[in-house]
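Q: please find the sequence and the predicted model below.
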Amino acid sequence: MRKVILLGVVLTGFIYALPFVSGEMEIPYQDAMAQDSRSDDAESTVTAQGSGTSIMVQIDGTPQQMELEDYVAGVVAAEAPPTFPPEALKAQAVAARTYAAYKLASGRPEAHREADVCDDYHHCAAYIDLAAEASGRWGNGAETYQNAILEAVRSTAGEIVLYEDKPIIAVFSAAAAEKTESSADVWGNDVPYLQTVDSPGGEACPKYKGEAHFTAEEFRAIMAKALPAAKLDGTPDTWFTASERSAAGGIKTATVGGVKVSGTDLRQAFGLNSTNFTLRADKDSITFLTTGYGHGVGLSQYGAKYMAEQGKTYQEILTHYYTGTSIKPLSSATNS
């Protein structure tokens with residue numbers, strides 16, 4: 001379990017942060033629906049209720065105590081499209097609850113010593129007050145989407161993903177490419193339940209295919225900050241000289257200007273949608289052509305959507321993406 005603990009430390013800073021940078025967790029999802037006001041007779045209080053476990057959440061810098069299930073509802077609302085099939089939303093709810101359980105078992109980090117988790121998706125997971133923000137996000141669809149989220153949370157109340165009877169680091173991203181990435185290939189730590197698995201359906205994500213274009217001057221300026229040792233003489237079509245890909249297709253390392261750099265660092269430096277990219281370079285510019293959206297490790301949200309549409313249950317979705325795990329009540333987890 002030492003490797004898992006080490007990975008938890010590595011994840012603290014960026015596991016839920018997309019390169020642009022957004023919720024990888026992946027993405028704090030924002031619906032593009034009309035921003036109409038809720039009707040006057042809509043209920044002002046929304047609660048998920050459930051397990052009776054409480055959690056301290058740092059929101060806008062202020063710790064707030066709340067029920068775990070209400071926190072999970074707020075994470076699902078912030079992280080997942082509410083239009084997704086019910087089984088996909090349930091999978092998201094269990095993943096969010098599991099990550100919270102992992103944080104509860106691990107102890108409070110230095111980043112927020114007065115809270116178990118925070119609402120910063122760079123560090124923990126995105127969170128919104130579902131009752132307060134639903135109408136602003138979803139307009140006339142607020143009640144429908146609230147109910148979909150709450151049903152996903154209530155119907156899975158208290159359930160988490162376990163590996164060897166311990167809560168897992170239930171990371172997720174928006175859309176893996178054809179396969180998910182292993183934790184070893186992305187962060188350097190091998191975790192038995194974060195392995196490469198098939199992940200169809202990612203192409204439904206609007207940002208599954210992306211381009212990031214840089215002039216030679218722009219590229220040099222970014223690299224001067226991110227990798228100052230790189231020597232970018234000559235033209236852009238000579239700067240990348242070697243690369244190593246993971247089994248899922250992501251760039252593990254690349255040699256740029258004579259210096260080896262990880263695909264994850266390149267993704268962060270250039271704001272790429274993923275590490276799964278190819279290059280188009282000429283004498284004046286470089287263009288990254290990306291596939292997938294997010295770090296690609298663990299649950300793929302659009303993969304979950306696809307599996308749900310194929311009739312898979314949330315349990316099947318979760319145990320597919322988190323290898324060798326089981327779904328059990330929070331009470332069955334051990335802390336040793």
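A: That came through, no problem.

Q: next, count neighbours for A157.
A: A count of nearby residues for A157, using other Cβ atoms under 10 Å, gives 20. Any C-beta I mention is one placed from the backbone N, CA and C, and that applies to glycine too.

Q: quick check: phi and psi at it.
A: phi -50, psi 130 (degrees, to the nearest 10).

Q: ok, it touching D70?
A: No. A157 is beyond contact range of D70, at 11.0 Å (criterion: Cβ atoms under 8 Å).

Q: helix/strand/coil for D185?
A: At D185, secondary structure determined by DSSP: H, G, I helix; E, B strand; the rest coil is helix.

Q: residue contacts, it?
A: 196, 246-248, 250, 252 (Cβ atoms under 8 Å, 6 or more residues apart in numbering).

Q: helices - which of the residues you listed land there?
A: Among the contacts of D185, no residue falls in helices (DSSP state H).

Q: for these, work out which two are farthest apart.
A: Greatest spacing in the contacts of D185, by Cβ to Cβ: T196 and K252 (12.2 Å).

Q: who has more neighbours, the two?
A: Set T196 next to K252 and count neighbours by other Cβ under 10 Å: T196 wins out with 21 against 18.

Q: need phi/psi at the more buried one.
A: Backbone dihedrals for T196, given as degrees, to the nearest 10, come out at phi -70, psi 130.

Q: distance of it from T264?
A: Separation of T196 from T264 (Cβ to Cβ, to the nearest Å) stands at 16 Å.

Q: what's the answer for E133, then?
A: When distance is defined by Cβ to Cβ, E133 is 31 Å away from T264.

Q: the more surrounded of the two?
A: When E133 and T264 are compared for neighbours, T264 comes out ahead with 22 against 14, by other Cβ under 10 Å.

Q: correct me, but the more buried one touches G188?
A: No. Checked against Cβ under 8 Å, the pair T264 and G188 is beyond contact range at 9.1 Å.

Q: what is the end-to-end distance of stretch 169-183?
A: Here the two ends of stretch 169-183 are set 11 Å apart, with distance taken as Cα to Cα, to the nearest Å.

Q: do stretch 115-122 as well
A: When the termini of stretch 115-122 are compared using Cα to Cα, they are 16 Å apart.

Q: and that stretch, how far from the chain's centre?
A: Shown here is stretch 115-122, whose average C-alpha point lies 13 Å from the average C-alpha point of the whole chain (Cα atoms, centre = their mean, to the nearest Å).

Q: pLDDT on it, on average?
A: Along stretch 115-122, the predicted local confidence has a mean pLDDT of 91.

Q: same deal with stretch 297-312?
A: For stretch 297-312, the mean pLDDT works out to 98.

Q: flag every buried residue along it.
A: Within stretch 297-312, the residues that count as buried by 16 or more other Cβ atoms under 10 Å are 297-308, 312.

Q: shaky segments in this protein?
A: Within the chain, the stretches with pLDDT under 70 are 1-51, 335-336.

Q: most remote residue from it's center?
A: In the chain, the greatest distance from the average C-alpha position (Cα atoms, centre = their mean) is reached by G234, at 37.8 Å.

Q: so how far is Q65 from that residue?
A: Distance of G234 to Q65, computed by Cβ to Cβ: 59 Å.

Q: which stretches of this structure form strands?
A: Counting by DSSP state E, the segments of the chain that form strands are 54-59, 62-67, 117-118, 159-163, 166-167, 172-173, 209-215, 240-245, 251-256, 259-262, 277-281, 285-291, 299-300, 326-329.

Q: want to throw the ones you listed into a markdown table with distance to P200?
A: Compiled in a markdown table, those are given as follows (distance: least, Cβ to Cβ, whole Å):
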| stretch | distance to P200 |
| --- | --- |
| strand 54-59 | 34 |
| strand 62-67 | 36 |
| strand 117-118 | 31 |
| strand 159-163 | 21 |
| strand 166-167 | 27 |
| strand 172-173 | 15 |
| strand 209-215 | 15 |
| strand 240-245 | 20 |
| strand 251-256 | 22 |
| strand 259-262 | 27 |
| strand 277-281 | 20 |
| strand 285-291 | 13 |
| strand 299-300 | 9 |
| strand 326-329 | 22 |
